[in-house]
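Asks: Sharing a model that was predicted from the sequence below.
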Amino acid sequence: MAERKPIESWLTDMDGVLIHEGTPIPGADAFIKRLRESGKPFLVLTNNSIYTPRDLQARLARMGLDVPVQNIWTSALATAKFLDDQRPGGTAYVIGEAGLTTALHDIGYVLTDHEPDYVVLGETRTYSFEAMTKAVRLINAGARFICTNPDETGPSTEGPLPATGAVAALITKATGKQPYFAGKPNPLMMRTGLNAIGAHSETSAMIGDRMDTDVLAGLEAGMQTFLVLTGLTTEQDTEKFPYRPTKTVASIADLVDLV
């Protein structure tokens, strides 16, 4: 078996790896500090499309994590990059928050409900029946269906919330059309992120707390993968999957010395 190349760049998930329900996970501050001191390219990733990178930078800063805006990569940015490559200067009907609408405005997209090229579904806390009905009718009329991420539930202090993937399933049921998901586990999100920081998959590592999104996306993008047990996955859960991470560790604190 070929020897693994040294890790020159790092991608890490945010929720469950660096933070958990609004508080930093022990070791996250030391890991980010070590990354910044090393000068190695890195990205903090999230499938959540609600917030802009500037919003997320401010949220992380309040928790003592100093991550520059250009080192944050969201499923909204990955979706915008995909649409810009596919159909520059296109039009879209969007169900989502500022993170998604800002990303689409930044690539020159026009947001409209009049014969849009795409219906783009993202995360929001206020899914309206009216908006979903409009999305169904536009897709039936020929708009292509794009979704930021396939996560079916999201975390909250009160318990799980229905997320983008669950709403996408509703629209699929009503239209018979499957969406294209731009976020994890689509390796496209990793590859566009790596391109954004000038990194290569064979010398990069992905850190995540989920086997079905983080580890799978890293694996399919050709990266080393580290599973941390501070989020949604237990060590027993890993046995249920037909693939494995490169290494499983208790938390991000165990990876500081690898940077």
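Replies: Arrived safely, thanks for sending. Numbering: from 1, shown residues only.

Asks: Run the chain-centre distance for stretch 57-74.
Replies: Computed by Cα atoms, centre = their mean, to the nearest Å, the separation of stretch 57-74 from the middle of its chain amounts to 15 Å.

Asks: got the contact list for that stretch?
Replies: With contacts defined as Cβ atoms under 8 Å, 6 or more residues apart in numbering, stretch 57-74 is touched by 11, 14, 18-19, 22-24, 28-29, 32-33, 36, 42-49, 51-54, 56, 99, 103, 189, 192-193, 196-197. C-beta here means a position set from N, CA and C on the backbone, and glycine is covered the same way.

Asks: Mean confidence (pLDDT) on that stretch, please.
Replies: Averaged over stretch 57-74, pLDDT sits at 97.

Asks: ditto for stretch 11-23
Replies: The pLDDT scores in stretch 11-23 average 93.

Asks: before we move on, back to that, selecting buried members of the contacts of stretch 57-74 in PyMOL, what would you type?
Replies: Buried residues within the contacts of stretch 57-74, by 16 or more other Cβ atoms under 10 Å, are selected in PyMOL with:
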select buried, resi 11+14+18+19+24+28+29+32+42+43+44+45+46+47+48+49+51+52+53+56+99+103+189+192+193+196+197
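
Asks: Among the contacts of stretch 57-74, which are located in helices?
Replies: Filtering these for membership in helices, criterion DSSP state H, returns 28-29, 32-33, 36, 53-54, 56, 99, 103, 189, 192-193, 196.

Asks: any chance of the residues you listed in CSV, with distance to residue 222 too?
Replies: Output for the ones in helices among the contacts of stretch 57-74, formatted as CSV (distance: Cβ to Cβ, whole Å):
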residue, distance to residue 222
28, 26
29, 30
32, 25
33, 28
36, 25
53, 25
54, 31
56, 26
99, 27
103, 26
189, 14
192, 14
193, 13
196, 17
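
Asks: Surely residue 215 is in contact with residue 208?
Replies: Yes: Residue 215 is within contact range of residue 208, at 5.8 Å (criterion: Cβ atoms under 8 Å).

Asks: Now do the shared contacts for the two.
Replies: Common contacts of residue 215 and residue 208 (Cβ under 8 Å, 6+ apart): 225, 227.

Asks: any chance you could map the helices in the stretch 51-200 of the chain?
Replies: Using DSSP state H, counting those that start in this stretch, the helices of the stretch 51-200 of the chain run over 53-62, 75-86, 98-106, 129-140, 164-175, 187-196.

Asks: Deepest in the core, which of those is it.
Replies: Greatest average neighbour count among these goes to helix 75-86 (a mean of 24), per mean count of other Cβ atoms under 10 Å.

Asks: Which other helices and strands does that one contact?
Replies: Packed against helix 75-86 by the contact rule (3 or more Cβ pairs under 8 Å, 6 or more residues apart in numbering; DSSP states H and E) you find helix 98-106, strand 118-121, strand 144-147, helix 187-196.

Asks: same thing but at 6 Å, please
Replies: helix 98-106, helix 187-196 (3 or more Cβ pairs under 6 Å, 6 or more residues apart in numbering; DSSP states H and E).

Asks: which helices and strands sit right next to the helix-or-strand element of the chain with minimal mean pLDDT?
Replies: Here the helix or strand of the chain ranked lowest by mean pLDDT, DSSP states H and E is strand 153-154, holding a mean of 82. Contacts defined by 3+ Cβ pairs under 6 Å, 6+ apart place strand 153-154 against no helix or strand at all.

Asks: Alright, I will stop here.
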